[in-house]
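Enquirer: Sequence isn't available, so here's the structure alone:
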């Protein structure tokens with residue numbers, strides 16, 4: 001998975017655009033309601049938030065395509081994330 005912290009765009013390792021992160025609530029993962037190890041629930045918007053550290057690129061892309069409003073948790077220190085610049089990936 002690739003993440004551009006400036007544009008907040010997420011891509012698969014194959015450079016497929018997943019989505020742009022845009023949460024108006026800026027919730028803390030540790031303060032969200034636990035549902036299971038992969039998801040938590042936001043009390044402000046009632047959405048499930050996916051922990052991207054424990055899902056594959058293919059699963060993540062599938063989830064977001066099924067529900068474009070899927071919320072994601074990204075930690076810049078997680079093992080499966082590469083920090084990139086949009087100039088490297090090109091246009092969406």
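Expert: Looks like it came in fine. Please read all numbers here as calculations on a predicted model, not as lab measurements.
Enquirer: In space, not sequence, find me the middle residue of this structure.
Expert: Centroid-nearest residue in the chain, with Cα atoms, centre = their mean: residue 72, separated by 3.4 Å.
Enquirer: beta partners of that one?
Expert: Taking DSSP bridges as the rule, residue 72 bridges to residue 50.
Enquirer: For residue 32, give me the pLDDT.
Expert: What the model reports as pLDDT for residue 32 is 90.
Enquirer: How far off centre is the longest helix belonging to the chain?
Expert: When the chain is parsed with DSSP state H, its longest helix is helix 57-66. Centroid displacement of helix 57-66 relative to its chain, using Cα atoms, centre = their mean, to the nearest Å, is 10 Å.
Enquirer: Could I get the buried residue list for it?
Expert: 57, 60-61, 63-64 (16 or more other Cβ atoms under 10 Å). All C-beta spots, glycine's among them, are computed from the backbone N, C-alpha and C.
Enquirer: ok, so of these, who is nearest residue 80?
Expert: For the buried residues of helix 57-66, the residue nearest residue 80 by Cβ to Cβ is residue 57; the value is 8.3 Å.
Enquirer: Just the endpoints, please. Distance across stretch 43-51?
Expert: End-to-end distance of stretch 43-51 (Cα to Cα, to the nearest Å): 16 Å.
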